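1. Predicted model follows, preceded by the sequence.
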Amino acid sequence: MIFLDLDEKLLHNKKTYQAEACQSPYHQIGNHCLIIDNLISGTRDEMKDVCLDLGGHLVGLQDTNLLADIVDYIMASGLDDVSYWSNGNDRASEGVWVWQHEQISVHMATPLWGDATSAGQEPQGGDQENCAAIVKEDYYFLHDVDCNSALSLMCEQEVCPEHFEAIGGRCLFVNTESNGTWQEQRRFCELLNGRMIKLDDANLLATIFDYLTANGHTSKHIFIGGSDVDVEGDWRWLDGTPVRMGTPFWGNGVMAAQEPLGGEQQNCLILAKNDYFFFHDYECDELVGVICEV
């Protein structure tokens, strides 16, 4: 495999990337790039779409220190008259709270969650309140609320490390300059302190297709981070979660049958250049490109 020239520190030292130069209209709050706007409000999904239009996503608080920085900024800037959406929710499974953008578990209880109006600590709304808000009435601690409530806008912009760029709200490196086997490309992504992409969002697949076609990356298949190496027919991402099968992810193979069709000979996942970059199974030892993410 031919590796691109990489900074020696990138190969051997774990870097901490901080927001050094936020792109307008974002501004630095703590070590993050945020928009906080008390004049724009809507449902959780409406505000999520506004953030996407602005090149970001609803704010997550997996860095719990960020909440203190947000509160300081809100108070100093006169933005303390409304509540704001975060991207935390338990829509997929009641009581299992995740930061949706990263699919990272939300830390429960102290220090993020506030006092419930009844006895106990938030969240207390059950299956009627499935979205997490930064709530004015409780000193900007998190509460679960109805996702259709009208709350204000708080977006976060990805600040991607060197070699990566923000594509569809993720930090990705599309590498079609150097070829490698699936295992070699997996190692390549790890050397960048990343991993092969987990492409589990159809909206992101559409964005990646647009990116590939607009930027001349159409001449090679591209490995992504799924395989059925361990158990034939059981497709898994590198984190062990299942790859969703069928439409709209998997493309058409021979005789109008839908992929995957390669059986035990094709155990690694590609975006297929000859099928509009839909998923296909492919030989793991073939030499193609890769998409990495951090």
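-> Looks like it arrived, so ask away.
2. next SSE after the helix or strand of the chain with the lowest mean pLDDT?
-> Using mean pLDDT, DSSP states H and E, helix 8-12 stands out as the lowest-scoring helix or strand of the chain, at a mean of 37. Later in the chain than helix 8-12, the nearest helix or strand by DSSP states H and E is strand 27-29.
3. Identify the residues contacting the next helix or strand after that following strand?
-> Once strand 27-29 ends, the next helix or strand along the chain (criterion: DSSP H and E) is strand 32-42. With contacts defined as Cβ atoms under 8 Å, 6 or more residues apart in numbering, strand 32-42 is touched by 19, 22-23, 25-29, 47, 50-51, 54, 56, 59, 63, 66, 69-70, 73-74, 77, 79, 81-82, 84, 150-157, 159. Placement of C-beta: from N, CA and C, glycine included.
4. List the ones among those that fall in strands.
-> His27, Gln28, Ile29, Tyr84, Leu151, Ser152, Leu153, Met154, Cys155, Glu156, Gln157 (DSSP state E).
5. Rank these by pLDDT and give me only the lowest.
-> Lowest pLDDT of these: Gln157, 88.
6. if we can go back for a sec, can I have the buried ones of the ones in strands among the contacts of strand 32-42 as a ChimeraX selection?
-> To isolate the buried ones among those in ChimeraX, judged by 16 or more other Cβ atoms under 10 Å, type:
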select :28,29,84,151,152,153,154,155,156,157
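7. Tabulate the ones in strands among the contacts of strand 32-42 (JSON lines), appending distance to His107.
-> What follows is the ones in strands among the contacts of strand 32-42, written out as JSON lines (distance: Cβ to Cβ, whole Å):
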{"residue": "His27", "distance to His107": "26"}
{"residue": "Gln28", "distance to His107": "24"}
{"residue": "Ile29", "distance to His107": "20"}
{"residue": "Tyr84", "distance to His107": "18"}
{"residue": "Leu151", "distance to His107": "21"}
{"residue": "Ser152", "distance to His107": "23"}
{"residue": "Leu153", "distance to His107": "23"}
{"residue": "Met154", "distance to His107": "18"}
{"residue": "Cys155", "distance to His107": "21"}
{"residue": "Glu156", "distance to His107": "17"}
{"residue": "Gln157", "distance to His107": "22"}
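8. burial count for the nearest residue to Lys198 once chain neighbours are set aside?
-> What sits nearest to Lys198 in space, not counting adjacent residues and going by Cβ to Cβ, 6 or more residues apart in numbering, is Trp237, at 4.5 Å. Trp237: 20 surrounding residues under other Cβ atoms under 10 Å.
9. what sits against the spatially closest residue to Cys51 that is not a sequence neighbour?
-> Nearest non-adjacent residue to Cys51, counting by Cβ to Cβ, 6+ apart: Cys155, 3.8 Å away. Contact analysis of Cys155 by Cβ under 8 Å, 6+ apart lists Tyr26, Leu34, Ile35, Val50, Cys51, Leu54, Gly56, His57, Leu58, Val59.
10. What remains of these if I keep only buried residues?
-> Buried, going by 16+ other Cβ under 10 Å: Tyr26, Leu34, Ile35, Val50, Cys51, Leu54, Gly56, His57, Leu58, Val59, out of the contacts of Cys155.
11. Dump these to JSON lines, plus pLDDT and distance to Asn203.
-> Shown next, in JSON lines, are the buried ones among the contacts of Cys155 (pLDDT from 0 to 100; distance: Cβ to Cβ, whole Å):
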{"residue": "Tyr26", "pLDDT": "94", "distance to Asn203": "21"}
{"residue": "Leu34", "pLDDT": "97", "distance to Asn203": "22"}
{"residue": "Ile35", "pLDDT": "97", "distance to Asn203": "21"}
{"residue": "Val50", "pLDDT": "96", "distance to Asn203": "15"}
{"residue": "Cys51", "pLDDT": "95", "distance to Asn203": "13"}
{"residue": "Leu54", "pLDDT": "92", "distance to Asn203": "16"}
{"residue": "Gly56", "pLDDT": "90", "distance to Asn203": "15"}
{"residue": "His57", "pLDDT": "92", "distance to Asn203": "12"}
{"residue": "Leu58", "pLDDT": "96", "distance to Asn203": "15"}
{"residue": "Val59", "pLDDT": "97", "distance to Asn203": "19"}
